[in-house]
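J.: using only what follows, build the 3D model:
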Amino acid sequence: MHTSSHAVARLLGDWSSGPGPAHRRLADLIRLLILDGRLPLATAMPGERDLAAVLGISRTTVSTAYATLRDQGYLSARDRARSRTRVPHRQPEAAVDDRDLIDFSHAAPPAPGEALHRAYTSALNQLPRHLPRHGYSPTGLAELRAAIATRYAERGLETTPDQILVTNGAQHAIGLIARTLLRPRDRVVVDHPSYPHALRVFRAAGCRVVPVAVNEDGWDLEILSATMRGAALAYLMPDFHNPTGLCLSEKDRLSLRPQCPIVVDETMAELALDVAPPTPLAAYHSNVITIGSMAKTFWGGLRVGWIRTTPDLVQRLHQARADVDLGTPVVEQLACAELLGGIREILPTRLAGLRRSRAVLLNLVAEHLPDWTVGESHGGLTVWTRFPDPISSALAAVAPQFGVRLAAGPRFGIGGAFERFVRLPYSLDAEAMKTGITGIADAVAAVRSGRRADTPPAALA
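T.: Residues are numbered from 1 along each chain as shown. The predicted structure is shown next:
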């Protein structure tokens, strides 16, 4: 796979305005693009002369940045061949140990320990009656499909078990839908910002991804409907949108005029913090394919998700799945059925804890990052924060030096957008958030001054 100088320039966005040597900024941001997956592994990078011309900088700057990345193990170093992206087999001795970082790049809650333990105990007790069978369940165990259908009915959407296909998480579901319904050059409409792994799936399928802005006021339904006209598919997150946390109102759900099939990602739908739990969009419109997951409601270690659609499409997805895998593990499905059966008892405590954690995060941002603006979030696990200067990628690149891992704003966008934004989760414990926000504040100061974590302030004088 090759990438052009213009494609790299789009991914870099407004990289040149930060402090510090240009070659260091360029190397930091290319490394971030590789680690984020926005530059896939084994991609041949553009030649030094071409990239320098497109970026409007000297070839020496690009050459020095490439040399730095080769020394760090992020580019191959073969003679007379274009450098290819890679990740080092081991980190250099001076590098930060990932295990020591406060991880603000993921948004997933800790497990509900006692409830999870009870669910797995129950699952193991039920396991003997499944042992005489072959153990494969390409559409999902009957117990879990029934539990998912019951939960949809409780939320206002009548559902039968034959409308459910169990998957290995939401990302698996997105990939399966793309493989079944999309073809290269198909147009796919997405929220902007959007879920990074979904964007990656659609790009890998060769689709043309068309963004529609989600701003502080939410979705512009007129623009969204017009953009969907003629598209093969739309991918939306109206239920506590990732990363903004916004929720499409009941009125707007009814007013939406879908012009193509819509894949609705409901992975955050159970995490309503400030508004009433939303009715699924599929209750209002027939051409909706709904994705759900256990990961955000319960625990990221539960790699179980599902697709709710028509029985006919369930069978098509089932047939397409055979090329990828043969089903979801039995014990995990049994445990998930137990958790969903007890969700009414588990959820209130989870939501109360998230409200407290969100308050802690907002207070920390106000104290340590007073020039950051935090967007309104009605639920989910994250807030979308804006700062005055376009430093998101630079900040994410140097943050590990200050003990924090961040997901840069452009990871959630297309064409280098959102350099003034970063997503902050409130799914960590209070002490970790305090340490993390302090580290982020130090990293911001360093980016703005051009200083690294290991550079004494006096050296800048």
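J.: so which elements touch the helix or strand where residue 351 lies?
T.: Residue 351 belongs to helix 343-368 when elements are defined using DSSP states H and E. With contacts taken as 3 or more CB pairs under 8 Å, 6 or more residues apart in numbering; DSSP states H and E, helix 343-368 sits against strand 382-386, helix 430-449. The way it works is simple: take the backbone N, C-alpha and C, and place the C-beta from them, glycine included.
J.: ranking the ones you listed by burial, who's on top?
T.: Across these, averaging neighbours per residue (mean count of other CB atoms under 10 Å) puts strand 382-386 on top, at a mean of 22.
J.: pLDDT of that strand, averaged?
T.: Confidence over strand 382-386 (mean pLDDT, whole number) is 96.
J.: got a list of contacts for the helix or strand following it?
T.: Note on strand 382-386: by DSSP H and E, the next helix or strand toward the C-terminus is helix 392-398. Helix 392-398 has contacts (CB atoms under 8 Å, 6 or more residues apart in numbering) with 12-13, 15, 18, 25, 28-29, 31-32, 406-410, 418-422, 440, 443-444, 446-447, 452-453.
J.: now, of those, which are buried?
T.: Among the contacts of helix 392-398, those scoring as buried are 12-13, 15, 18, 25, 28-29, 31-32, 406-410, 418-422, 440, 443-444, 446-447, 452 (criterion: 16 or more other CB atoms under 10 Å).
J.: before we move on, back to that, helices or strands up against the helix or strand just after the helix holding residue 351?
T.: Per DSSP H and E, the first helix or strand lying C-terminal to helix 343-368 is strand 373-374. With contacts defined as 3+ CB pairs under 8 Å, 6+ apart, the secondary structure elements packing on strand 373-374 are strand 382-386.
J.: by contact count, what packs against the strand it packs on?
T.: By 3+ CB pairs under 8 Å, 6+ apart, strand 382-386 packs against helix 343-368, strand 373-374, strand 421-425.
J.: hmm, try it at 7 Å
T.: If you count contacts as 3 or more CB pairs under 7 Å, 6 or more residues apart in numbering; DSSP states H and E, strand 382-386 packs onto strand 373-374, strand 421-425.
J.: run through the protein and note the low-pLDDT ranges.
T.: Scanning the chain with the threshold set as pLDDT under 70 gives 1, 14, 16-20, 78-80, 89-99, 450-461.
J.: quick one: the longest strand seen in it to strand 382-386, angle?
T.: If you go by DSSP state E, the chain has its longest strand at strand 208-215. Computed by axes from the mean of the first three to the mean of the last three CA atoms, to 10 degrees, the angle separating strand 208-215 from strand 382-386 equals 80 degrees.
J.: need the phi and psi values for residue 287.
T.: phi -90, psi 40 (degrees, to the nearest 10).
J.: shouldn't it be in contact with residue 257?
T.: No - look at residue 287 against residue 257 with CB atoms under 7 Å: they stay out of range, at 11.0 Å.
J.: circling back: tell me which other helices or strands the longest strand of the chain touches.
T.: In terms of contacts (3+ CB pairs under 7 Å, 6+ apart), strand 208-215 is packed against strand 187-192, helix 196-204, helix 221-228.
J.: where does residue 118 fall, secondary structure wise?
T.: helix 113-126.
J.: buried sites along that helix?
T.: Under the neighbour-count criterion of 16+ other CB under 10 Å, helix 113-126 has 115, 116, 119, 120, 122, 123, 126 buried.
J.: how about stretch 279-290?
T.: Buried residues in stretch 279-290 (16+ other CB under 10 Å): 279, 280, 281, 282, 283, 284, 285, 288, 289, 290.
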